[in-house]
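Peer 1: missing the sequence, but the structure's below:
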């Protein structure tokens, strides 16, 4: 394993050196010949470096029993800060428009996958418990994050504080689901409450994101949003999500039933991703983030729509999307890591900000377990399962890095600057790292307790049976 990682790291270094040389040659060629080729060869090398590095980082963390996404994120941080060691080859990767576009497509595919993994019927089965946990898991972290941001960066706009609070709302469905699956506990009531609440959290988080982003865009344009305007944005987001789900439930079964008769290869994958992009475009046209449409597309495409394809021996949709995701999604995570400037953490106040925000993220989700209405459940496990922010927190931070607000001097700056972005990344890493071992320990302890109670009951029955019956 160590030799493989060293060899892979050396390969990445060689490719980066080649990329630097190729970049210089391309720039020289462009100067001499005007526009040399339609696609800069540097982009091809850049994508190669990102994919190789992402898979190496992911493999390392997988072997350490940690989510691979953290390896992709951390390898991005390493590549993005090579300039501190005087190695400048990776710097153009941060601002390349084609790589940024690939990363944005990757995050759309990622939210599409999250929607596919979310089952609305199972979410409704656990009813009020999931809804109350989700509401508390959104409201409490939102206000805690808002308060922490207002304390540590008081000179920033209130909209910046609100956006940072919004990054604490969502829960990473994928990370928690993986832990529960590994332990064989997906079918327990606690697990269904966690996963149901996590899905509702994502929906509510996307709505909050739409509202805050809409307010930021209006403020950047010099307008002031009234409560009516905010209500309209929220209503638009809710109407879009539920409208897409309702309409999709009526239309998509007919489309995919007819498409199931096609003989050409890749029909299911092409139609599904096309549907995802269509809803992402529709969300953008209505003023929402494209990821809202991608998530809605995943929710709509229930597996029952693909029975015609499965009858012909074809794979299900999640399996078909996986290779596309494996190529595009790592580009997003590596690029997010590259945006973290380690020099910002020379400022002690930013480390304090990161620690406080992480504590707020953990406490906010633990409090939500107190509202579980069912008795006899492992409330601690439910709270722990809601902690990881994972990819969802990074997606929110990435959106914030693209939104602009004028500062006190009237100069437009990103809502999530380099320092704040690093703070959010630390919060995401810590909450994602602590959840798997803490959740496993809590569930294992509860299982041992149940086994002890079962053993005691069997022993009592055996002892009663062994006693002579009184005449």
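Peer 2: Received the coordinates, thanks. Bear in mind the structure is a predicted one, so any value in this text is a computation, not a measurement. Numbering: from 1, shown residues only.
Peer 1: quick one: buried residues of stretch 154-170?
Peer 2: 156-157, 159-170 (16 or more other Cβ atoms under 10 Å). To be clear about C-beta, it is placed using only N, CA and C from the backbone, and glycine gets the same treatment.
Peer 1: Tell me which entries of these lie within helices.
Peer 2: 159-167 (DSSP state H).
Peer 1: Turn these into TSV, columns for distance to residue 64 and pLDDT.
Peer 2: Shown next, in TSV, are these (distance: Cβ to Cβ, whole Å; pLDDT from 0 to 100):
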residue	distance to residue 64	pLDDT
159	38	87
160	35	90
161	35	91
162	36	90
163	32	91
164	29	92
165	32	92
166	31	90
167	26	89
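Peer 1: any chance of those residues in JSON lines, with distance to residue 180 too?
Peer 2: Converted to JSON lines, those look like this (distance: Cβ to Cβ, whole Å):
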{"residue": "159", "distance to residue 180": "36"}
{"residue": "160", "distance to residue 180": "35"}
{"residue": "161", "distance to residue 180": "34"}
{"residue": "162", "distance to residue 180": "32"}
{"residue": "163", "distance to residue 180": "30"}
{"residue": "164", "distance to residue 180": "29"}
{"residue": "165", "distance to residue 180": "28"}
{"residue": "166", "distance to residue 180": "26"}
{"residue": "167", "distance to residue 180": "24"}
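Peer 1: Tell me the one of the residues you listed nearest residue 50?
Peer 2: residue 167 (24.0 Å; Cβ to Cβ).
Peer 1: now the nearest residue to that closest one once chain neighbours are set aside: how far from residue 347?
Peer 2: Among residues not flanking residue 167 along the chain, residue 396 sits closest, at 4.3 Å (Cβ to Cβ, 6 or more residues apart in numbering). Distance of residue 396 to residue 347, computed by Cβ to Cβ, to the nearest Å: 23 Å.
Peer 1: quick one: which of these two has more around it?
Peer 2: residue 396 (29 against 11; other Cβ atoms under 10 Å).
Peer 1: Quick check: chain neighbours aside, which residue is closest to residue 288?
Peer 2: residue 210 (4.9 Å).
Peer 1: Double-check that neighbour against residue 236; I have them as touching.
Peer 2: Yes. Using Cβ atoms under 8 Å, residue 210 is in contact with residue 236, at 7.4 Å.
Peer 1: Count the residues that sit near the nearest residue to residue 379 once chain neighbours are set aside.
Peer 2: In this structure, residue 379 finds its nearest non-sequential neighbour in residue 369, 4.4 Å apart by Cβ to Cβ, 6+ apart. Using other Cβ under 10 Å, residue 369 has 24 other residues around it.
Peer 1: cool, residue 414 as well?
Peer 2: 16.
Peer 1: going forward can the numbers begin at 28, since that is how I track them
Peer 2: With 28 as the first residue, the last one maps to residue 441.
Peer 1: So it sits against residue 433, correct?
Peer 2: No. Using Cβ under 8 Å as the test, residue 441 is too far from residue 433 to be in contact (11.6 Å).
Peer 1: circling back to that earlier point, what is in contact with residue 237 and residue 263 at once?
Peer 2: By Cβ atoms under 8 Å, 6 or more residues apart in numbering, residue 237 and residue 263 have these common neighbours: 314-315.
Peer 1: Which residue, other than its chain neighbours, is closest to residue 380?
Peer 2: residue 179 (4.1 Å).
Peer 1: wait, that neighbour sits on residue 382?
Peer 2: No. Judged on Cβ under 8 Å, residue 179 makes no contact with residue 382 at a distance of 10.1 Å.
Peer 1: All the strands of the stretch 378-498 of the chain, residue numbers only.
Peer 2: 431-433, 439-441 (DSSP state E, counting those that start in this stretch).
Peer 1: residues touching the residue nearest to residue 194, list them.
Peer 2: With Cβ under 8 Å, 6+ apart, residue 423 has these contacts: 190, 193-194, 197, 232, 236, 451.
Peer 1: Need the residues you listed in JSON lines (columns: distance to residue 98).
Peer 2: Output for the contacts of residue 423, formatted as JSON lines (distance: Cβ to Cβ, whole Å):
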{"residue": "190", "distance to residue 98": "27"}
{"residue": "193", "distance to residue 98": "26"}
{"residue": "194", "distance to residue 98": "21"}
{"residue": "197", "distance to residue 98": "21"}
{"residue": "232", "distance to residue 98": "25"}
{"residue": "236", "distance to residue 98": "26"}
{"residue": "451", "distance to residue 98": "18"}
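Peer 1: From those, pick the one nearest residue 112.
Peer 2: For the contacts of residue 423, the nearest to residue 112 is residue 451 (24.8 Å; Cβ to Cβ).
Peer 1: Near the residue nearest to the closest one when sequence neighbours are not counted, how many other residues are there?
Peer 2: Of all residues not flanking residue 451 in the chain, residue 424 sits nearest, at 4.4 Å (Cβ to Cβ, 6+ apart). The local packing of residue 424 (other Cβ under 10 Å) involves 26 other residues.
Peer 1: which ones are touching residue 424?
Peer 2: 194, 363, 443, 448, 451-452, 455.
Peer 1: one step back: number of residues surrounding the residue nearest to residue 315?
Peer 2: 24.
Peer 1: May I have the residues that are in contact with it?
Peer 2: Contacts of residue 237 (Cβ under 8 Å, 6+ apart): 260-261, 263-264, 314-316, 319.
Peer 1: From the chain's centre, how far out is stretch 266-282? Work that out for me.
Peer 2: 24 Å (Cα atoms, centre = their mean, to the nearest Å).
Peer 1: what's that stretch in contact with?
Peer 2: 147, 230, 233-234, 298, 302, 306, 309-310, 313, 315, 319-320, 322-324, 326-329, 331-332.
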